[in-house]
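Undergrad: whatever this is, show me its structure:
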Amino acid sequence: MEKPANNIHPVHPMIKRRWSPRAYNSRPVEEQKLKSLFEAARWAASGSNDQPWRFILGYKGDKSWNDIFDSLVEFNQLWARDAPVLVLVSADSIRQKTGGPNPSFEYDTGQAVATLSLQATDLGLFVHQMGGFNKEKVSASFSLPESIKPIVVVAIGYYGNADNLHPNLQVLEKGERMRNDFSTFVFEKKHGSPSSLFNH
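TA: Below you'll find the predicted structure:
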C-alpha cells in the first residue's frame, strides 16, 4: 500500500513516499538493510558532534523485542505485535567530552531517527515511531544509566495487510494523510504572522 504525500511544492521522492503504517508483515528484515539504517542514523547532524543517540535492537521472539513490546501502551500493542523489529531509542543527556548537560540531546536524536526513517523508505521498509510506552519500565528492563533517557520506540519492517488490523486501526491506516497549512508554522516579523513566502 502506498500513501504518498499530497505535496504542494517539490520534495525528494523519499520524503513523498515516507509514511508511518501500522500494518506490518512478519517477514524478517535483512541484516544488511538494518546495518544501512543505523549507518544512516550514525551520520545524522548533532551538536558538537556529540552523537547522543542510543539504540537497543529487538528481533521478534527475543528478549529485547519482548521487553520493548511489553512497555508499549495497549493501543500500540494492537498493531506492533506483527512488527519483526522493535527498537528502543534513547539518548545520553550528558556530553561525552565535557561531562556537562547536553541541551540538544533529544533534538539530535530526533534527527538520527528521521535520517534512519528516510533510509528505510529508500530500502522499501517502513518505520513507525511511538511515544506511547512506559519509560520507567524500559529503563529498568535494559538497566539504562541515569543519564540515558528513553525517547521513542520504533517499529521497522515490511508492509503487511491493512485488512488484518483492528477495524478502528483500519480507518487510520486507509485514511487520507493531512498536513497543516504553511501559514500555521512559517512566520516572519513575529510569531504567528504568516510568511509572505507562500502568498504567491
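
Undergrad: the residue minimising distance to the centre of the chain in helix, strand or coil?
TA: In the chain, the centroid-proximal residue (Cα atoms, centre = their mean) is residue 129; its distance is 3.5 Å. Put simply, residue 129 is strand when judged by DSSP: H, G, I helix; E, B strand; the rest coil.

Undergrad: is it in a bridge, and if so with what?
TA: Going by DSSP bridges, residue 129 is paired in beta bridges with residue 154.

Undergrad: wait, isn't it in contact with residue 114?
TA: No. Using Cβ atoms under 8 Å, residue 129 is not in contact with residue 114; the gap is 9.2 Å. For glycine as for every other residue, the C-beta is placed from the backbone atoms N, C-alpha and C.

Undergrad: contact partners for residue 162?
TA: The contact partners of residue 162, by Cβ atoms under 8 Å, 6 or more residues apart in numbering, come to 1, 21, 23, 170, 173, 174.

Undergrad: can you list phi and psi of it for me?
TA: Backbone geometry at residue 162, expressed as degrees, to the nearest 10, gives phi -60, psi -30.

Undergrad: per-residue confidence at it?
TA: The model reports residue 162 with a pLDDT of 95.

Undergrad: let the chain start at 14 from now.
TA: Okay, residue one is now 14; in that scheme the one you just asked about reads as residue 175.

Undergrad: if I look at it, how far off is residue 16?
TA: To residue 16, residue 175 is 10 Å away according to Cβ to Cβ, to the nearest Å.

Undergrad: now the common contact residues for the two.
TA: In contact with both residue 175 and residue 16: residue 34, using Cβ under 8 Å, 6+ apart.

Undergrad: surely residue 95 and residue 172 touch.
TA: No. Using Cβ under 8 Å, residue 95 makes no contact with residue 172, being 10.6 Å away.

Undergrad: surely residue 161 meets residue 102?
TA: No. Using Cβ under 8 Å, residue 161 is not in contact with residue 102; the gap is 10.8 Å.
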